[in-house]
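**Student:** predicted model, plus sequence, below.
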Amino acid sequence: MDIECLREYCLSLPLVTECFPFDETTLVFKVEGKMFLFTSLDRVELMVNVKCDPDYALVLRDAYSEVVPGYHCNKKYWNTIHITPSLKGSLVREWILHSYCEVVKKLNRTQRERIAKLLEEWKNLNGI
């Protein structure tokens, strides 16, 4: 997965926006104004930070050498994924979707219900 595939996937998710709130090289993806993924555009190696359920975060860190505690984040809730050729794109997409859903869970009920409908349509369109 490269930065263009990553960007395309993130923006395909319902109600996602992208921005540069920190500096001109840190690309952030948000749903309803809440960050679920960010990455630096000035690194040679693609790394992304994603939100994660705390227990699942530990499982992923134990199972994959490419997954480490979140860089510059609350390490309980964030993982950094080093995108390497050996890491399947489908797995990275799964973790991105998990991050998106973790953020959606914290939104208010009206937002969650609206996104749930949109996400169901998105999943049907994408065969998930």
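**Tutor:** Perfect, thanks for sending it.
**Student:** make it CA atoms for all contacts and neighbour counts henceforth
**Tutor:** OK.
**Student:** neighbours of the residue nearest to residue 31 when sequence neighbours are not counted, how many?
**Tutor:** Closest residue to residue 31 apart from its sequence neighbours, by CA to CA, 6 or more residues apart in numbering: residue 16 at 4.7 Å. Neighbour count for residue 16, taken as other CA atoms under 10 Å: 17.
**Student:** and residue 16, what are its phi and psi?
**Tutor:** The phi/psi pair for residue 16 (degrees, to the nearest 10) reads phi -90, psi 140.
**Student:** thought it was touching residue 10?
**Tutor:** Yes. With contact defined as CA atoms under 8 Å, residue 16 reaches residue 10; the gap is 7.0 Å.
**Student:** quick one: common contacting residues for those two?
**Tutor:** Common neighbours of residue 16 and residue 10 (criterion: CA atoms under 8 Å, 6 or more residues apart in numbering): residue 29.
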